[in-house]
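1. have a look at this fold, sequence not included:
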Ligand SMILES: Nc1ncnc2c1ncn2[C@@H]1O[C@H](COP(=O)(O)OP(=O)(O)O)[C@@H](O)[C@H]1O
Ligand SMILES: [Mg+2]
């Protein structure tokens, strides 16, 4: 939840008094034209950035009150272009756990755990010893997803996770993301410019423009009868 959030970057107001609620247990699409501030918003949720003014709340508490490592353990992030740590697929998954520090329920990052994580993102466990350097874009993004899931986060943030992929690969990855969310009642917030993806795979939609909230609500309602002309025009461009 964001309350009166202002974010300035190099003197420009990129978020301009934003109030947004991201409902727990739902898959939310964050949509709006390029430059609307979608990535800027997402980055505030696990404190990759802090706002200039206003409050970001997670489970009713300001995110600034959580130790950063705890917050990042509980709120995972997948970027548009998958960034792999050098080494194997298994190295990448173990690194996520090592970086997050011991949580309340420490995970034993053994071979079975690696295999289980890979299966959860529909990658064959035989990928574990492979060097990430030689994976395809879609495979890397699945490893990035598995890595984000390694700490069993309650919230998963995804910034245009399918933008760099072919439509077919993108659609399969979306199905995986939605299944992973549904499996665990996890909250998912996904930025996407593929509007069909928002329409078909999410339950809640937040429309932003110029650093402000335009409109938010159940995905079907927004796509079928948006209240605001700007939302209608944007969604019609799908
Ligand atoms: N590090 C930065 N420094 C200055 N301006 C930035 C920076 N990051 C983003 N911006 C600007 O902030 C605005 C919002 O960017 P962003 O959150 O990336 O939008 P979106 O993800 O919706 O395309 C844009 O006008 C962008 O140029
Ligand atoms: Mg962006």
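-> Good, I have the coordinates. Just so you know, these numbers come straight off a predicted model, no measurement behind them. Ligands and ions are numbered 1, 2, ... in the order given.
2. rest of the way, CA atoms for contacts and neighbours
-> OK.
3. so residue 224 is in which element?
-> helix 219-225 (DSSP states H and E).
4. contacting residues around residue 96?
-> 147, 148, 150, 151 (CA atoms under 8 Å, 6 or more residues apart in numbering).
5. host element of it?
-> Using DSSP H and E, residue 96 falls in helix 89-100.
6. so after the helix or strand of the chain with the lowest mean pLDDT, what's the next helix or strand?
-> Least confident element among the helices and strands of the chain, by mean pLDDT, DSSP states H and E: helix 167-184 (a mean of 88). Heading C-terminal from helix 167-184, the first helix or strand you meet, by DSSP H and E, is strand 187-191.
7. and that following strand with ligand 1, contact?
-> No: using CA under 6 Å from any ligand atom, strand 187-191 stays clear of ligand 1, coming no nearer than 7.7 Å.
8. repeat that for stretch 2-18.
-> Yes: if you take CA under 6 Å from any ligand atom as the test, stretch 2-18 does meet ligand 1, through 9, 10, 14.
9. ok so, going back, between the next helix or strand after the helix holding residue 96 and helix 167-184, how many degrees?
-> Heading C-terminal from helix 89-100, the first helix or strand you meet, by DSSP H and E, is helix 111-120. In terms of direction (axes from the mean of the first three to the mean of the last three CA atoms, to 10 degrees), helix 111-120 departs from helix 167-184 by 120 degrees.
10. what average pLDDT does the helix or strand just after helix 111-120 get?
-> Where DSSP H and E defines the elements, the next helix or strand beyond helix 111-120 is helix 137-149. Averaged across helix 137-149, pLDDT comes to 94.
11. give the ChimeraX command for selecting the buried subset of the residues of stretch 2-18 next to ligand 1.
-> The following ChimeraX command selects only the buried members of the residues of stretch 2-18 next to ligand 1, with burial defined by 16 or more other CA atoms under 10 Å:
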select :14
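12. adding secondary structure, write the residues of stretch 2-18 next to ligand 1 out as TSV.
-> Formatted as TSV, those follow (DSSP: H, G, I helix; E, B strand; the rest coil):
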residue	secondary structure
9	strand
10	coil
14	strand
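13. so which of the residues of stretch 2-18 next to ligand 1 would you say is closest to residue 197?
-> For residue 197, the nearest member of the residues of stretch 2-18 next to ligand 1 is residue 14. The distance, counting by CA to CA, is 25.1 Å.
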